[in-house]
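please work out how this folds:
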Amino acid sequence: MDMSEDDSNMEEYPTEIHDYLTAFEKSLGSVDEMLKKMISVSRSELLQKLDPLEQAKLDLVSVYTLNSMFWIYLATQGINAKEHPVKQELERIRTYMNKVKEITDKKKASKLDKGAASRFVKNALWEPNAENEHASKTPTKGKKRQRD
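Numbers count the residues shown, from 1 in each chain. Predicted structure coming up:
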């Protein structure tokens, strides 16, 4: 492409949105690359490698992406997507995405090492008194803290 073609393309849209269009084009390239990767592997082969929770995440992200792309298509055609049934579908998918996130968060929270947490809290609350400060930095069991 020569310089005159590039100049004529720049005049087709306002220069203020050039950065936005460049970022959009880069994002489209990323989506295209990801779709090519997903299409290159059969769905059943991909799902076999994932646990059920990961399968649900993949399905939700896929359907959300497709519906979002349809939303964008409607917008480019001048159709108000906010009044189209795709809006309710996106909300429904978001609800399920939140449920999966809750399950994931509960799984992470259940891995708390209660013994380590207990030791951490005990050590964080203990304050050495003036007598023990030089001798030892760790509390001895059975002794009560003396107040000044």
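
please count neighbours and contacts with C-alpha atoms only from this point.
Will do.

against V31, how distant is A75?
19 Å (CA to CA, to the nearest Å).

for A116, same thing?
43 Å.

higher neighbour count, those two?
It is V31, of A116 and V31, that has more neighbours when counted by other CA atoms under 10 Å, with 13 against 10.

tell me who's in contact with Y96.
Neighbouring residues of Y96 by CA atoms under 8 Å, 6 or more residues apart in numbering: L60.

what strand or helix carries S27?
In this structure, S27 sits in helix 18-40 according to DSSP states H and E.

how about residues contacting that helix?
Applying CA under 8 Å, 6+ apart, helix 18-40 has no contact partners.

what's the answer for stretch 71-87, then?
N67, F70.

what about the residue nearest the centre of the chain, distance to L21?
Against the mean C-alpha coordinate of the chain, by CA atoms, centre = their mean, the closest residue is K101 at 9.5 Å. To L21, K101 is 32 Å away according to CA to CA.

how far is the helix or strand where N98 lies from where the chain is centred?
Under the criterion of DSSP H and E, N98 resides in helix 85-109. Centroid displacement of helix 85-109 relative to its chain, using CA atoms, centre = their mean, to the nearest Å, is 12 Å.

kindly report the same for stretch 16-36.
Relative to the chain's own centre, stretch 16-36 is displaced by 20 Å; criterion: CA atoms, centre = their mean.
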